[in-house]
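Trainee: Quick check, what structure comes out for this input:
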Amino acid sequence: MNWWKRGIELTFRVRPLGLAIAVMYAITCWAAWRVSLDQFYLPAGIRVAALLVCPPRLWPYLLIGEYAYFAQLRYPLIDEYGLAWVILGSAFLLPAVALVVYAHRKFMTARADGWLLSLAVSAAVIATALKLGLSHLLSENPSSVPVATRAVRFVLGDYIAILTVAPLAVLWSRRHAMDEWGRWRSPPTVAALAVMLGLGLITAMAPGLSDASKTSLQLTMALPVIVLTCIHGWQGAAIGVPLLNILIAVVTPTSGLLGSYDERTFTTQQLIAIAGTGLLALGSRISRHYHQRGRRDVDGHQAARLSRSAHMASEMDLRERALDLRRIADGIEASLSRTADLLKTHGHHSPALDLLLTSTAHSRQFRELTSMVYPTEVEHVGLYLALQVSGIRESWNQTHRVTSPFLTGDPCRLSIALQLAAYRTLTEAVSLLLKQEQGQIQIRARCGTLKGQQGILLRIALLDPDRDLLVDTTRLAIERLSSRAQAYGGKVHCEGNCVRVLLLETAAGSAQSSMQAAWTSRADIA
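Mentor: From the prediction side, this is the model:
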(Lines give C-alpha, C1' and ligand atoms only; values in the text may rest on other atoms or scores of the structure.)
Protein backbone atom coordinates (compact mmCIF):
# COMPACT_ATOMS: atom_id res chain seq x y z
CA MET A 1 0.00 0.00 0.00
CA ASN A 2 3.01 2.29 -0.37
CA TRP A 3 1.54 3.74 -3.57
CA TRP A 4 -1.46 4.84 -1.50
CA LYS A 5 0.81 6.90 0.76
CA ARG A 6 3.11 8.30 -1.92
CA GLY A 7 0.38 8.95 -4.44
CA ILE A 8 0.43 8.49 -8.21
CA GLU A 9 2.65 10.66 -10.40
CA LEU A 10 1.22 11.66 -13.77
CA THR A 11 3.40 13.34 -16.36
CA PHE A 12 2.30 14.89 -19.61
CA ARG A 13 4.68 16.47 -22.09
CA VAL A 14 3.23 19.25 -24.18
CA ARG A 15 4.67 19.13 -27.69
CA PRO A 16 4.62 22.32 -29.80
CA LEU A 17 4.06 20.14 -32.85
CA GLY A 18 1.04 18.59 -31.16
CA LEU A 19 -0.43 21.98 -30.36
CA ALA A 20 0.13 23.06 -33.97
CA ILE A 21 -1.65 19.91 -35.15
CA ALA A 22 -4.55 20.60 -32.76
CA VAL A 23 -4.95 24.16 -34.06
CA MET A 24 -4.66 23.06 -37.69
CA TYR A 25 -7.18 20.25 -37.13
CA ALA A 26 -9.69 22.60 -35.49
CA ILE A 27 -9.38 25.19 -38.26
CA THR A 28 -9.67 22.54 -40.99
CA CYS A 29 -12.79 21.01 -39.43
CA TRP A 30 -14.36 24.45 -39.04
CA ALA A 31 -13.63 25.35 -42.67
CA ALA A 32 -14.96 21.98 -43.88
CA TRP A 33 -18.11 22.40 -41.80
CA ARG A 34 -18.81 25.68 -43.58
CA VAL A 35 -19.29 23.82 -46.87
CA SER A 36 -20.86 20.65 -45.45
CA LEU A 37 -24.36 19.24 -45.39
CA ASP A 38 -25.91 16.49 -43.33
CA GLN A 39 -25.60 14.28 -46.42
CA PHE A 40 -21.95 15.30 -47.00
CA TYR A 41 -20.33 15.99 -43.62
CA LEU A 42 -16.66 16.68 -44.43
CA PRO A 43 -15.42 16.93 -40.80
CA ALA A 44 -16.16 13.20 -40.44
CA GLY A 45 -13.77 12.46 -43.30
CA ILE A 46 -11.14 14.84 -41.91
CA ARG A 47 -11.43 13.12 -38.53
CA VAL A 48 -10.64 9.70 -40.02
CA ALA A 49 -7.93 11.09 -42.32
CA ALA A 50 -6.18 12.82 -39.40
CA LEU A 51 -6.24 9.61 -37.36
CA LEU A 52 -4.76 7.71 -40.33
CA VAL A 53 -1.97 10.22 -40.97
CA CYS A 54 -0.99 11.01 -37.38
CA PRO A 55 0.70 8.39 -35.18
CA PRO A 56 -1.26 7.32 -32.07
CA ARG A 57 1.01 9.37 -29.76
CA LEU A 58 -0.42 12.54 -31.33
CA TRP A 59 -4.07 11.51 -31.09
CA PRO A 60 -4.62 13.37 -27.78
CA TYR A 61 -3.83 16.62 -29.60
CA LEU A 62 -6.45 15.72 -32.22
CA LEU A 63 -8.93 15.32 -29.35
CA ILE A 64 -8.01 18.79 -28.11
CA GLY A 65 -8.47 20.19 -31.61
CA GLU A 66 -11.85 18.50 -32.04
CA TYR A 67 -13.05 19.73 -28.68
CA ALA A 68 -12.01 23.27 -29.61
CA TYR A 69 -13.86 22.93 -32.94
CA PHE A 70 -17.02 21.71 -31.21
CA ALA A 71 -16.71 24.40 -28.53
CA GLN A 72 -16.91 27.30 -30.98
CA LEU A 73 -19.58 25.46 -32.96
CA ARG A 74 -21.88 24.42 -30.12
CA TYR A 75 -21.30 27.15 -27.52
CA PRO A 76 -23.97 29.40 -29.10
CA LEU A 77 -26.42 26.47 -28.85
CA ILE A 78 -26.27 26.05 -25.06
CA ASP A 79 -29.55 27.88 -24.49
CA GLU A 80 -31.32 25.80 -27.14
CA TYR A 81 -29.95 22.29 -26.47
CA GLY A 82 -28.50 22.47 -22.97
CA LEU A 83 -25.05 22.44 -21.40
CA ALA A 84 -24.89 18.65 -21.02
CA TRP A 85 -25.24 18.06 -24.76
CA VAL A 86 -22.63 20.71 -25.58
CA ILE A 87 -20.04 19.28 -23.17
CA LEU A 88 -20.61 15.51 -23.24
CA GLY A 89 -21.91 15.27 -26.78
CA SER A 90 -18.57 16.54 -28.09
CA ALA A 91 -16.28 14.30 -26.06
CA PHE A 92 -16.91 10.78 -27.38
CA LEU A 93 -16.88 11.00 -31.18
CA LEU A 94 -13.15 11.10 -31.81
CA PRO A 95 -12.22 8.46 -29.16
CA ALA A 96 -14.80 6.06 -30.60
CA VAL A 97 -13.62 6.60 -34.19
CA ALA A 98 -10.01 6.36 -32.98
CA LEU A 99 -10.71 2.86 -31.65
CA VAL A 100 -12.07 1.89 -35.07
CA VAL A 101 -9.01 3.33 -36.85
CA TYR A 102 -6.65 1.64 -34.38
CA ALA A 103 -8.29 -1.71 -35.07
CA HIS A 104 -7.64 -1.20 -38.81
CA ARG A 105 -4.09 0.21 -38.59
CA LYS A 106 -2.48 -3.23 -38.95
CA PHE A 107 -4.00 -3.46 -42.44
CA MET A 108 -2.51 -0.14 -43.63
CA THR A 109 0.71 -1.78 -44.81
CA ALA A 110 -1.13 -4.50 -46.74
CA ARG A 111 -1.30 -4.43 -50.52
CA ALA A 112 -5.07 -4.98 -50.51
CA ASP A 113 -6.99 -1.83 -49.51
CA GLY A 114 -10.43 -3.29 -48.93
CA TRP A 115 -9.98 -2.50 -45.23
CA LEU A 116 -10.68 1.17 -45.99
CA LEU A 117 -14.31 0.36 -46.85
CA SER A 118 -14.69 -1.51 -43.58
CA LEU A 119 -13.21 1.46 -41.74
CA ALA A 120 -15.53 3.91 -43.51
CA VAL A 121 -18.67 1.90 -42.74
CA SER A 122 -17.70 1.27 -39.11
CA ALA A 123 -16.73 4.89 -38.44
CA ALA A 124 -19.88 6.25 -40.09
CA VAL A 125 -22.21 3.91 -38.20
CA ILE A 126 -20.53 4.42 -34.81
CA ALA A 127 -20.35 8.21 -35.19
CA THR A 128 -24.00 8.37 -36.22
CA ALA A 129 -25.07 6.16 -33.32
CA LEU A 130 -23.20 8.37 -30.87
CA LYS A 131 -24.50 11.62 -32.35
CA LEU A 132 -28.13 10.50 -32.36
CA GLY A 133 -27.92 8.66 -29.05
CA LEU A 134 -26.28 11.52 -27.17
CA SER A 135 -28.61 14.01 -28.81
CA HIS A 136 -31.63 11.98 -27.71
CA LEU A 137 -30.34 11.52 -24.15
CA LEU A 138 -28.78 14.91 -23.45
CA SER A 139 -30.47 17.46 -25.69
CA GLU A 140 -33.22 19.55 -24.10
CA ASN A 141 -34.75 20.32 -27.50
CA PRO A 142 -34.48 17.22 -29.75
CA SER A 143 -35.00 17.56 -33.48
CA SER A 144 -38.43 17.03 -34.99
CA VAL A 145 -37.00 15.04 -37.92
CA PRO A 146 -37.57 11.29 -37.47
CA VAL A 147 -34.61 9.42 -36.05
CA ALA A 148 -34.49 6.96 -38.98
CA THR A 149 -34.34 9.78 -41.51
CA ARG A 150 -31.60 11.56 -39.63
CA ALA A 151 -29.68 8.31 -39.23
CA VAL A 152 -29.73 7.66 -42.99
CA ARG A 153 -28.58 11.20 -43.73
CA PHE A 154 -25.81 11.12 -41.13
CA VAL A 155 -24.52 7.67 -42.10
CA LEU A 156 -24.46 8.55 -45.78
CA GLY A 157 -22.95 12.00 -45.11
CA ASP A 158 -20.18 10.57 -42.94
CA TYR A 159 -19.55 7.63 -45.27
CA ILE A 160 -19.23 9.80 -48.39
CA ALA A 161 -17.01 12.25 -46.53
CA ILE A 162 -14.74 9.43 -45.37
CA LEU A 163 -14.53 8.06 -48.92
CA THR A 164 -13.64 11.60 -50.05
CA VAL A 165 -10.79 12.34 -47.65
CA ALA A 166 -9.51 9.02 -46.23
CA PRO A 167 -8.24 7.55 -49.55
CA LEU A 168 -6.20 10.72 -50.13
CA ALA A 169 -4.75 10.38 -46.63
CA VAL A 170 -3.75 6.78 -47.33
CA LEU A 171 -2.09 7.83 -50.59
CA TRP A 172 -0.24 10.58 -48.76
CA SER A 173 1.03 8.18 -46.11
CA ARG A 174 2.36 5.90 -48.88
CA ARG A 175 3.77 8.60 -51.14
CA HIS A 176 7.38 7.46 -50.64
CA ALA A 177 6.64 3.76 -51.19
CA MET A 178 4.75 4.15 -54.47
CA ASP A 179 6.76 4.31 -57.68
CA GLU A 180 3.90 4.41 -60.19
CA TRP A 181 3.09 8.14 -60.20
CA GLY A 182 4.76 8.61 -63.58
CA ARG A 183 1.92 6.63 -65.19
CA TRP A 184 -0.49 9.46 -64.33
CA ARG A 185 0.98 11.50 -67.16
CA SER A 186 -0.29 9.02 -69.76
CA PRO A 187 -2.80 10.39 -72.32
CA PRO A 188 -5.75 8.16 -71.23
CA THR A 189 -5.35 9.30 -67.62
CA VAL A 190 -5.13 12.98 -68.54
CA ALA A 191 -8.13 12.62 -70.83
CA ALA A 192 -10.24 10.95 -68.11
CA LEU A 193 -9.41 13.68 -65.58
CA ALA A 194 -10.12 16.39 -68.16
CA VAL A 195 -13.51 14.87 -69.03
CA MET A 196 -14.47 14.64 -65.36
CA LEU A 197 -13.50 18.25 -64.66
CA GLY A 198 -15.24 19.39 -67.83
CA LEU A 199 -18.49 17.69 -66.86
CA GLY A 200 -18.21 19.20 -63.39
CA LEU A 201 -17.78 22.71 -64.81
CA ILE A 202 -20.71 22.24 -67.17
CA THR A 203 -22.92 21.06 -64.30
CA ALA A 204 -21.89 23.96 -62.08
CA MET A 205 -21.88 26.82 -64.59
CA ALA A 206 -24.26 25.96 -67.43
CA PRO A 207 -27.43 28.05 -67.06
CA GLY A 208 -30.88 26.66 -67.52
CA LEU A 209 -30.08 23.00 -66.87
CA SER A 210 -32.95 21.00 -65.47
CA ASP A 211 -32.55 18.82 -62.40
CA ALA A 212 -32.75 15.70 -64.56
CA SER A 213 -29.97 16.97 -66.81
CA LYS A 214 -27.76 17.82 -63.84
CA THR A 215 -28.34 14.39 -62.37
CA SER A 216 -27.45 12.73 -65.66
CA LEU A 217 -24.24 14.75 -65.94
CA GLN A 218 -23.31 13.92 -62.35
CA LEU A 219 -23.81 10.21 -62.97
CA THR A 220 -21.85 10.48 -66.22
CA MET A 221 -18.88 11.77 -64.24
CA ALA A 222 -18.54 8.27 -62.80
CA LEU A 223 -17.42 6.94 -66.20
CA PRO A 224 -13.97 8.61 -66.08
CA VAL A 225 -13.54 7.22 -62.56
CA ILE A 226 -14.13 3.74 -63.96
CA VAL A 227 -11.45 4.42 -66.57
CA LEU A 228 -8.99 5.59 -63.89
CA THR A 229 -9.73 2.50 -61.81
CA CYS A 230 -9.14 0.15 -64.73
CA ILE A 231 -5.84 1.89 -65.58
CA HIS A 232 -4.38 2.51 -62.12
CA GLY A 233 -6.24 0.10 -59.87
CA TRP A 234 -6.80 1.28 -56.32
CA GLN A 235 -4.80 4.47 -56.88
CA GLY A 236 -7.16 5.46 -59.68
CA ALA A 237 -10.22 4.85 -57.50
CA ALA A 238 -8.61 6.60 -54.50
CA ILE A 239 -8.18 9.77 -56.57
CA GLY A 240 -11.21 9.51 -58.84
CA VAL A 241 -13.86 8.79 -56.18
CA PRO A 242 -12.89 11.75 -53.92
CA LEU A 243 -12.75 14.06 -56.93
CA LEU A 244 -16.18 12.86 -58.04
CA ASN A 245 -17.67 13.44 -54.56
CA ILE A 246 -16.14 16.92 -54.38
CA LEU A 247 -17.50 17.91 -57.79
CA ILE A 248 -20.97 16.76 -56.80
CA ALA A 249 -20.75 18.56 -53.45
CA VAL A 250 -19.70 21.79 -55.16
CA VAL A 251 -22.89 21.94 -57.23
CA THR A 252 -25.14 20.90 -54.33
CA PRO A 253 -27.21 23.87 -53.10
CA THR A 254 -26.89 24.62 -49.37
CA SER A 255 -28.50 27.12 -47.06
CA GLY A 256 -25.35 27.46 -44.95
CA LEU A 257 -27.28 26.48 -41.81
CA LEU A 258 -26.81 23.49 -39.54
CA GLY A 259 -28.64 20.52 -40.98
CA SER A 260 -28.65 21.69 -44.61
CA TYR A 261 -30.14 19.08 -46.93
CA ASP A 262 -30.92 18.72 -50.66
CA GLU A 263 -33.35 16.00 -51.69
CA ARG A 264 -32.35 15.82 -55.38
CA THR A 265 -28.64 15.51 -54.75
CA PHE A 266 -29.26 13.02 -51.93
CA THR A 267 -30.55 10.46 -54.43
CA THR A 268 -27.55 11.02 -56.69
CA GLN A 269 -25.18 10.73 -53.75
CA GLN A 270 -26.66 7.40 -52.78
CA LEU A 271 -25.89 6.08 -56.26
CA ILE A 272 -22.42 7.62 -56.21
CA ALA A 273 -21.74 6.11 -52.78
CA ILE A 274 -22.61 2.67 -54.12
CA ALA A 275 -20.51 3.26 -57.25
CA GLY A 276 -17.58 4.60 -55.19
CA THR A 277 -17.70 1.57 -52.92
CA GLY A 278 -17.68 -0.76 -55.89
CA LEU A 279 -14.84 1.10 -57.60
CA LEU A 280 -12.67 1.12 -54.48
CA ALA A 281 -13.29 -2.58 -54.00
CA LEU A 282 -12.60 -3.28 -57.68
CA GLY A 283 -9.48 -1.11 -57.61
CA SER A 284 -8.24 -2.99 -54.56
CA ARG A 285 -8.63 -6.30 -56.37
CA ILE A 286 -6.96 -4.96 -59.52
CA SER A 287 -4.01 -3.62 -57.53
CA ARG A 288 -3.73 -6.86 -55.60
CA HIS A 289 -3.56 -8.95 -58.76
CA TYR A 290 -1.19 -6.43 -60.34
CA HIS A 291 1.24 -6.62 -57.43
CA GLN A 292 0.96 -10.41 -57.31
CA ARG A 293 1.79 -10.56 -61.00
CA GLY A 294 4.62 -8.09 -60.45
CA ARG A 295 6.04 -10.28 -57.69
CA ARG A 296 5.74 -13.32 -59.93
CA ASP A 297 7.54 -11.47 -62.72
CA VAL A 298 10.30 -10.42 -60.35
CA ASP A 299 10.59 -13.95 -59.01
CA GLY A 300 10.63 -15.28 -62.56
CA HIS A 301 13.37 -12.86 -63.63
CA GLN A 302 15.38 -13.72 -60.55
CA ALA A 303 14.95 -17.45 -61.15
CA ALA A 304 16.00 -17.00 -64.79
CA ARG A 305 19.04 -14.98 -63.73
CA LEU A 306 20.06 -17.62 -61.19
CA SER A 307 19.51 -20.36 -63.77
CA ARG A 308 21.69 -18.50 -66.28
CA SER A 309 24.38 -18.12 -63.64
CA ALA A 310 24.22 -21.84 -62.89
CA HIS A 311 24.50 -22.71 -66.59
CA MET A 312 27.41 -20.29 -66.99
CA ALA A 313 29.23 -21.78 -64.01
CA SER A 314 28.67 -25.27 -65.41
CA GLU A 315 30.03 -24.23 -68.81
CA MET A 316 33.08 -22.66 -67.21
CA ASP A 317 33.77 -25.89 -65.33
CA LEU A 318 33.36 -27.97 -68.50
CA ARG A 319 35.66 -25.57 -70.34
CA GLU A 320 38.36 -26.06 -67.70
CA ARG A 321 38.04 -29.81 -68.00
CA ALA A 322 38.16 -29.68 -71.79
CA LEU A 323 41.31 -27.52 -71.70
CA ASP A 324 42.93 -29.90 -69.23
CA LEU A 325 42.11 -32.85 -71.47
CA ARG A 326 43.51 -30.98 -74.47
CA ARG A 327 46.75 -30.33 -72.63
CA ILE A 328 47.01 -33.99 -71.63
CA ALA A 329 46.34 -35.04 -75.24
CA ASP A 330 48.97 -32.60 -76.52
CA GLY A 331 51.49 -34.01 -74.07
CA ILE A 332 50.75 -37.60 -75.09
CA GLU A 333 50.95 -36.67 -78.78
CA ALA A 334 54.30 -34.93 -78.24
CA SER A 335 55.67 -37.98 -76.37
CA LEU A 336 54.53 -40.35 -79.13
CA SER A 337 56.07 -38.07 -81.76
CA ARG A 338 59.43 -38.14 -79.96
CA THR A 339 59.17 -41.91 -79.65
CA ALA A 340 58.49 -42.23 -83.38
CA ASP A 341 61.50 -40.00 -84.14
CA LEU A 342 63.67 -42.16 -81.89
CA LEU A 343 62.53 -45.31 -83.69
CA LYS A 344 63.38 -43.72 -87.05
CA THR A 345 66.86 -42.80 -85.89
CA HIS A 346 67.45 -46.47 -85.00
CA GLY A 347 66.20 -47.63 -88.38
CA HIS A 348 62.73 -48.84 -87.32
CA HIS A 349 60.76 -46.93 -89.93
CA SER A 350 57.78 -49.27 -90.17
CA PRO A 351 56.96 -49.29 -86.40
CA ALA A 352 57.47 -45.51 -86.33
CA LEU A 353 54.99 -45.03 -89.18
CA ASP A 354 52.41 -47.29 -87.53
CA LEU A 355 52.84 -45.41 -84.26
CA LEU A 356 52.30 -42.04 -85.99
CA LEU A 357 49.21 -43.27 -87.85
CA THR A 358 47.71 -44.72 -84.67
CA SER A 359 48.57 -41.58 -82.71
CA THR A 360 46.98 -39.34 -85.33
CA ALA A 361 43.75 -41.40 -85.44
CA HIS A 362 43.39 -41.52 -81.66
CA SER A 363 44.28 -37.86 -81.33
CA ARG A 364 41.53 -36.92 -83.78
CA GLN A 365 38.99 -39.07 -81.92
CA PHE A 366 40.13 -37.64 -78.61
CA ARG A 367 39.68 -34.07 -79.88
CA GLU A 368 36.21 -34.90 -81.18
CA LEU A 369 35.22 -36.31 -77.81
CA THR A 370 36.73 -33.32 -76.04
CA SER A 371 34.77 -30.91 -78.22
CA MET A 372 31.61 -32.71 -77.15
CA VAL A 373 32.53 -31.95 -73.53
CA TYR A 374 32.97 -28.27 -74.36
CA PRO A 375 32.86 -26.86 -77.92
CA THR A 376 35.72 -24.36 -77.91
CA GLU A 377 35.03 -23.82 -81.61
CA VAL A 378 32.01 -21.70 -80.59
CA GLU A 379 34.37 -19.09 -79.16
CA HIS A 380 36.49 -18.89 -82.33
CA VAL A 381 34.20 -19.49 -85.31
CA GLY A 382 30.68 -19.20 -83.92
CA LEU A 383 27.81 -21.62 -83.38
CA TYR A 384 27.08 -22.61 -86.97
CA LEU A 385 30.65 -23.52 -87.93
CA ALA A 386 31.07 -25.28 -84.58
CA LEU A 387 28.17 -27.53 -85.50
CA GLN A 388 29.89 -28.35 -88.79
CA VAL A 389 33.47 -29.00 -87.59
CA SER A 390 33.13 -30.21 -83.98
CA GLY A 391 32.84 -33.78 -82.83
CA ILE A 392 29.06 -33.62 -82.57
CA ARG A 393 28.76 -33.48 -86.35
CA GLU A 394 30.84 -36.65 -86.73
CA SER A 395 28.67 -38.31 -84.10
CA TRP A 396 25.53 -37.38 -86.02
CA ASN A 397 27.01 -38.61 -89.30
CA GLN A 398 27.67 -42.00 -87.78
CA THR A 399 23.96 -42.45 -87.06
CA HIS A 400 23.09 -41.84 -90.77
CA ARG A 401 19.83 -40.25 -89.56
CA VAL A 402 20.63 -36.54 -89.27
CA THR A 403 20.47 -34.50 -92.44
CA SER A 404 22.62 -31.46 -93.14
CA PRO A 405 21.48 -28.57 -90.92
CA PHE A 406 19.76 -25.59 -92.53
CA LEU A 407 21.23 -22.56 -90.75
CA THR A 408 20.38 -18.89 -91.40
CA GLY A 409 21.38 -15.64 -89.75
CA ASP A 410 24.58 -14.56 -88.05
CA PRO A 411 25.12 -16.31 -84.69
CA CYS A 412 28.24 -14.27 -83.99
CA ARG A 413 25.99 -11.33 -83.09
CA LEU A 414 24.80 -13.36 -80.10
CA SER A 415 26.75 -13.67 -76.87
CA ILE A 416 28.90 -16.74 -76.31
CA ALA A 417 26.65 -17.73 -73.42
CA LEU A 418 23.58 -17.81 -75.67
CA GLN A 419 25.44 -19.66 -78.43
CA LEU A 420 26.54 -22.28 -75.93
CA ALA A 421 22.97 -22.56 -74.63
CA ALA A 422 21.74 -23.06 -78.20
CA TYR A 423 24.48 -25.66 -78.82
CA ARG A 424 23.53 -27.62 -75.69
CA THR A 425 19.82 -27.39 -76.43
CA LEU A 426 20.28 -28.51 -80.01
CA THR A 427 22.51 -31.47 -79.17
CA GLU A 428 20.23 -32.62 -76.36
CA ALA A 429 17.11 -32.35 -78.54
CA VAL A 430 18.73 -34.31 -81.40
CA SER A 431 19.94 -36.95 -78.94
CA LEU A 432 16.44 -37.28 -77.52
CA LEU A 433 14.83 -37.72 -80.94
CA LEU A 434 17.50 -40.24 -81.96
CA LYS A 435 16.66 -42.37 -78.93
CA GLN A 436 12.88 -41.97 -78.90
CA GLU A 437 11.90 -41.74 -82.57
CA GLN A 438 12.50 -43.53 -85.85
CA GLY A 439 13.43 -42.04 -89.21
CA GLN A 440 15.47 -39.11 -90.42
CA ILE A 441 15.88 -35.91 -88.41
CA GLN A 442 16.11 -32.42 -89.84
CA ILE A 443 17.72 -29.44 -88.07
CA ARG A 444 16.92 -25.78 -88.73
CA ALA A 445 18.23 -22.71 -86.91
CA ARG A 446 17.60 -19.04 -87.51
CA CYS A 447 19.17 -16.07 -85.75
CA GLY A 448 17.53 -12.68 -85.74
CA THR A 449 15.81 -9.98 -83.73
CA LEU A 450 12.43 -10.25 -82.01
CA LYS A 451 10.84 -7.24 -80.26
CA GLY A 452 14.18 -5.57 -79.76
CA GLN A 453 15.86 -8.72 -78.44
CA GLN A 454 18.37 -10.86 -80.29
CA GLY A 455 17.88 -14.58 -80.23
CA ILE A 456 17.83 -17.86 -82.08
CA LEU A 457 15.00 -20.19 -83.05
CA LEU A 458 15.84 -23.90 -83.19
CA ARG A 459 13.66 -26.43 -84.97
CA ILE A 460 14.40 -30.14 -84.63
CA ALA A 461 11.88 -32.20 -86.59
CA LEU A 462 11.27 -35.59 -88.15
CA LEU A 463 11.86 -35.51 -91.87
CA ASP A 464 8.56 -37.29 -92.44
CA PRO A 465 5.86 -34.60 -92.06
CA ASP A 466 3.10 -37.19 -91.59
CA ARG A 467 4.59 -38.59 -88.41
CA ASP A 468 3.91 -36.98 -85.07
CA LEU A 469 6.17 -37.10 -82.06
CA LEU A 470 5.35 -39.67 -79.42
CA VAL A 471 3.74 -38.48 -76.23
CA ASP A 472 6.77 -39.58 -74.21
CA THR A 473 9.07 -37.68 -76.57
CA THR A 474 7.05 -34.50 -76.16
CA ARG A 475 7.03 -34.84 -72.38
CA LEU A 476 10.77 -35.50 -72.16
CA ALA A 477 11.57 -32.65 -74.56
CA ILE A 478 9.61 -30.17 -72.45
CA GLU A 479 11.15 -31.47 -69.21
CA ARG A 480 14.76 -31.43 -70.45
CA LEU A 481 14.78 -28.31 -72.58
CA SER A 482 12.52 -25.92 -70.69
CA SER A 483 15.04 -25.06 -67.99
CA ARG A 484 17.62 -23.63 -70.38
CA ALA A 485 14.94 -22.03 -72.56
CA GLN A 486 13.34 -20.22 -69.61
CA ALA A 487 16.76 -19.14 -68.34
CA TYR A 488 17.24 -17.30 -71.63
CA GLY A 489 13.78 -15.79 -71.86
CA GLY A 490 12.44 -18.31 -74.38
CA LYS A 491 10.15 -21.30 -74.47
CA VAL A 492 9.80 -24.83 -75.78
CA HIS A 493 6.95 -25.78 -78.09
CA CYS A 494 6.22 -29.28 -79.35
CA GLU A 495 3.71 -29.71 -82.13
CA GLY A 496 3.26 -32.34 -84.80
CA ASN A 497 6.60 -33.77 -85.88
CA CYS A 498 8.91 -31.06 -84.50
CA VAL A 499 10.31 -29.43 -81.40
CA ARG A 500 10.79 -25.66 -81.46
CA VAL A 501 12.98 -23.86 -78.96
CA LEU A 502 13.32 -20.08 -78.76
CA LEU A 503 16.26 -18.54 -76.91
CA LEU A 504 16.62 -14.79 -76.40
CA GLU A 505 19.21 -12.41 -75.03
CA THR A 506 17.73 -11.21 -71.74
CA ALA A 507 19.30 -8.51 -69.58
CA ALA A 508 22.91 -8.76 -70.71
CA GLY A 509 24.36 -7.68 -67.40
CA SER A 510 27.70 -7.61 -65.67
CA ALA A 511 27.72 -11.33 -64.94
CA GLN A 512 27.41 -12.23 -68.61
CA SER A 513 29.91 -9.55 -69.69
CA SER A 514 32.47 -10.68 -67.13
CA MET A 515 32.06 -14.28 -68.19
CA GLN A 516 32.52 -13.40 -71.84
CA ALA A 517 35.66 -11.46 -70.92
CA ALA A 518 36.90 -14.48 -68.98
CA TRP A 519 36.22 -16.75 -71.96
CA THR A 520 38.10 -14.39 -74.27
CA SER A 521 41.12 -14.12 -71.99
CA ARG A 522 41.29 -17.85 -71.44
CA ALA A 523 40.94 -18.47 -75.14
CA ASP A 524 43.93 -16.20 -75.72
CA ILE A 525 45.93 -18.08 -73.09
CA ALA A 526 44.96 -21.43 -74.57
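Trainee: so where do the strands sit in the protein?
Mentor: Secondary structure of the chain by DSSP state E: the strands cover 406-408, 441-450, 453-462, 491-495, 498-504.
Trainee: Those strands: which one's closest to residue 36?
Mentor: Taking Cβ to Cβ, strand 453-462 is the member of the strands of the chain nearest to residue 36, at 56.8 Å. C-beta: built from backbone N, CA, C; applies to glycine.
Trainee: If you count contacts, what does that closest one end up packed against?
Mentor: helix 416-436, strand 441-450, strand 498-504 (3 or more Cβ pairs under 8 Å, 6 or more residues apart in numbering; DSSP states H and E).
Trainee: What are the buried residues along stretch 125-145?
Mentor: For stretch 125-145, burial by neighbour count (16 or more other Cβ atoms under 10 Å) applies to 125, 126, 127, 128, 130, 131, 132, 134, 135, 138, 139.
Trainee: What distance do you get for residue 206 to residue 198?
Mentor: According to Cβ to Cβ, to the nearest Å, residue 206 stands 11 Å off from residue 198.
Trainee: before we move on, what about residue 409?
Mentor: Distance of residue 409 to residue 198, computed by Cβ to Cβ: 53 Å.
Trainee: can you check residue 363 too?
Mentor: From residue 363 to residue 198 the distance is 83 Å (Cβ to Cβ).
Trainee: Likewise for residue 377?
Mentor: In terms of Cβ to Cβ, residue 377 sits 68 Å off from residue 198.
Trainee: likewise residue 53?
Mentor: Going from residue 53 to residue 198 by Cβ to Cβ gives 31 Å.
Trainee: taking the mean pLDDT, what do you get for stretch 450-462?
Mentor: For stretch 450-462, mean pLDDT is 86.
Trainee: Residue 409 and residue 198: which is more packed in?
Mentor: Between residue 409 and residue 198, counted using other Cβ atoms under 10 Å, the more crowded position is residue 409 (18 against 12).
Trainee: can you count the residues close to the closest residue to that one other than its chain neighbours?
Mentor: Distance criterion Cβ to Cβ, 6 or more residues apart in numbering; nearest residue to residue 409, sequence neighbours excluded, is residue 447 at 2.9 Å. Residues near residue 447, counting by other Cβ under 10 Å, number 23.
Trainee: can you pull up the bridge partners for residue 447?
Mentor: With DSSP bridges as the criterion, residue 447 is bridged to residue 456.
Trainee: for it, what are its contacts?
Mentor: 408, 409, 410, 411, 413, 414, 454, 455, 456 (Cβ atoms under 8 Å, 6 or more residues apart in numbering).
Trainee: again with residue 421
Mentor: Going by Cβ under 8 Å, 6+ apart, residue 421 touches 311, 484, 487, 488, 503.
Trainee: Please tell me how far the last one sits from residue 481.
Mentor: From residue 503 across to residue 481, the span is 10 Å (Cβ to Cβ).
Trainee: So for these two, which residues contact both of them?
Mentor: residue 425.
Trainee: residues in contact with the closest residue to residue 68 other than its chain neighbours?
Mentor: With sequence-adjacent residues excluded and distances taken as Cβ to Cβ, 6+ apart, residue 68 is closest to residue 26, at 4.4 Å. Applying Cβ under 8 Å, 6+ apart to residue 26 gives the contacts 65, 66, 68, 69.
Trainee: Helices - which of those residues land there?
Mentor: In this view, these that belong to helices under DSSP state H are 65, 66, 68, 69.
Trainee: can you name the two of those residues that are farthest apart?
Mentor: Going by Cβ to Cβ, the pair spanning those furthest: 66 and 68, at 7.3 Å.
Trainee: higher neighbour count, these two?
Mentor: Using other Cβ under 10 Å, the more surrounded residue of residue 66 and residue 68 is residue 66, with 24 against 18.
Trainee: is it true that the more buried one touches residue 96?
Mentor: No: assessed by Cβ atoms under 8 Å, residue 66 is found out of contact with residue 96, at 11.6 Å.
Trainee: Give the burial count for residue 24, as a bare number.
Mentor: Residues lying near residue 24 (other Cβ under 10 Å) number 13.
Trainee: Distance to residue 167 added to the strands of the chain, as a markdown table?
Mentor: Listed next are the strands of the chain as a markdown table, based on distance: least, Cβ to Cβ, whole Å:
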| stretch | distance to residue 167 |
| --- | --- |
| strand 406-408 | 56 |
| strand 441-450 | 42 |
| strand 453-462 | 40 |
| strand 491-495 | 41 |
| strand 498-504 | 41 |
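Trainee: Could you check how far residue 249 is from residue 150?
Mentor: As judged by Cβ to Cβ, residue 249 and residue 150 stand 19 Å apart.
Trainee: Could you do residue 283 as well?
Mentor: As judged by Cβ to Cβ, residue 283 and residue 150 stand 32 Å apart.
Trainee: Between the two, which has more neighbouring residues?
Mentor: Taking other Cβ under 10 Å, residue 283 and residue 150 do not tie; residue 283 has more neighbours (28 against 18).
Trainee: Just read off the phi/psi values of the residue lying farthest from the centre of the chain.
Mentor: Distance from the C-alpha centroid of the chain peaks at residue 347, with 80.4 Å (Cα atoms, centre = their mean). Note on residue 347: backbone dihedrals following degrees, to the nearest 10 are phi 90, psi 10.
Trainee: how much space is there between it and residue 32?
Mentor: Residue 347 sits 116 Å away from residue 32, going by Cβ to Cβ.
Trainee: now what about stretch 128-135, what contacts it?
Mentor: Identification of contacts with stretch 128-135 by Cβ under 8 Å, 6+ apart yields 81, 85, 88-89, 92-93, 96, 142-143, 147, 150-151, 154-155, 158.
Trainee: now it, how far from the chain's geometric center?
Mentor: Mean-position distance between stretch 128-135 and its chain equals 44 Å (Cα atoms, centre = their mean, to the nearest Å).
Trainee: Fine by me, thanks again.
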